[in-house]
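*Asks:* missing the sequence, but the structure's below:
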């Protein structure tokens, strides 16, 4: 069962690594989308403010131009009032001009009101831009926090992978040591079996020798009673048997020492195996705690990323609503600018008509002045004639 453990852990680690890679790719895509959204908001705000600045410049230049034209018209009308105080037709024309000037002033007041409305719209647009910029900075901060969390998760995953590699190396070393212990145990068992076999053979040989010695002693005793000459041979045989018994006892002592050595090595191998298993259990317990902490960190990071995604969805919805409101404001601003352009065209046409009428009235006034000069000359001659007649 031990060799199947690393493969199961490797499969679990591979699934976790795949999930972490998917999470990293999703966060990277979200980060790129937020950057593109910020760039689009910045470009749109820049274009809007550029357009509004150009419109405000055009309106201010048109206002100053028409104010200058009105001031010049008022000065010309004042000069005409001074010159034509005695002419009723000119008074009527100046009254009409005054009415037209009042109309122009009313139109200018309407334009000023429209400019005030546009300034209010510009203030709203600036507020919207400030809100978008603050939201963009907040999104940037959240994205930075998310990237920092992702870096921490990557570092923890790298440490976890390094620990997994260490665990695999330790597991491989443990498997090698277990295989070595198994080989040593098999060798010890084979040696014990050989020792038991040799002891069995030795005991059988000793029993056979003892039985043969007993038979020979009985035979020798019987032959001693019969033949005293064979006593010398029997003594020699007994001495040979004694030597064989001494050799057998030395072999048995050697086998006993070997058995003691084998039992000592077996106990040492058992103690060493128990110590290795205890150290391995402690190492596995520490690795289990580290894995649980890493999984807890991954779950916390996952929940944080999900909350970030929800917050980004809310920000996206609010930005979309702000964009729609801003688009509506720009639409109404374009409509108001179109109406302002129409009124400016009407004012230009009215100014052209007024300038043409003023030129015509000035020419008429010059003719009237020449006629009045002729009348004054004739009156002077008549007065001279009257004075001459009186004299």
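*Replies:* Right, received. Where do you want to start? Keep in mind that this is a model prediction, so the values were computed, not measured.
*Asks:* Check the protein for its longest helix and report it.
*Replies:* helix 231-390 (DSSP state H).
*Asks:* and it, what does it pack onto?
*Replies:* helix 4-83, helix 88-226 (3 or more CB pairs under 8 Å, 6 or more residues apart in numbering; DSSP states H and E). In short, each C-beta sits where N, CA and C put it, glycine included.
*Asks:* And those helices, which one averages the lowest pLDDT?
*Replies:* Note on these: helix 4-83 shows the lowest mean pLDDT, a mean of 63.
*Asks:* gap between residue 350 and residue 357?
*Replies:* 10 Å (CB to CB, to the nearest Å).
*Asks:* I meant to write residue 338 there.
*Replies:* The gap separating residue 338 from residue 357 is 29 Å, by CB to CB.
*Asks:* Looking at the two, which is more packed in?
*Replies:* Counted by other CB atoms under 10 Å, residue 338 and residue 357 do not tie: residue 357 has more neighbours, with 14 against 10.
*Asks:* Quick check, pLDDT for the more buried one.
*Replies:* For residue 357, the model assigns a pLDDT of 82.
*Asks:* Kindly provide the distance from it to residue 117.
*Replies:* Applying CB to CB to residue 357 and residue 117 gives a distance of 33 Å.
*Asks:* try residue 339
*Replies:* Distance from residue 339 to residue 117, counting by CB to CB: 11 Å.
*Asks:* Check residue 268 too.
*Replies:* Using CB to CB, residue 268 is found at 99 Å from residue 117.
*Asks:* Could you do residue 330 as well?
*Replies:* To residue 117, residue 330 is 14 Å away according to CB to CB.
*Asks:* again with residue 340
*Replies:* Counting by CB to CB, the separation of residue 340 from residue 117 is 10 Å.
*Asks:* Compare neighbour counts for the two and give me the winner.
*Replies:* In this view residue 340 and residue 117 are compared by other CB under 10 Å, and residue 340 has more residues nearby, 19 against 13.
*Asks:* residues contacting the closest residue to the more buried one other than its chain neighbours?
*Replies:* Nearest non-adjacent residue to residue 340, counting by CB to CB, 6 or more residues apart in numbering: residue 114, 5.9 Å away. Contacts here follow CB atoms under 8 Å, 6 or more residues apart in numbering; on that basis residue 114 touches 336, 339, 340.
*Asks:* Let's have those in TSV, adding distance to residue 262 and pLDDT.
*Replies:* Output for the contacts of residue 114, formatted as TSV (distance: CB to CB, whole Å; pLDDT from 0 to 100):
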residue	distance to residue 262	pLDDT
336	107	76
339	112	79
340	111	74
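*Asks:* Give me the buried stretch members for stretch 361-370, please.
*Replies:* If you call a residue buried by 16 or more other CB atoms under 10 Å, then stretch 361-370 has these buried ones: 361, 365, 368.
*Asks:* cool, and stretch 284-295?
*Replies:* Buried residues in stretch 284-295, defined by neighbour count with 16+ other CB under 10 Å: 287, 291, 294.
*Asks:* Any chance of JSON lines for the residues you listed, columns distance to residue 184 and pLDDT?
*Replies:* Listed next are the buried residues of stretch 284-295 as JSON lines, based on distance: CB to CB, whole Å; pLDDT from 0 to 100:
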{"residue": "287", "distance to residue 184": "28", "pLDDT": "76"}
{"residue": "291", "distance to residue 184": "33", "pLDDT": "78"}
{"residue": "294", "distance to residue 184": "37", "pLDDT": "78"}
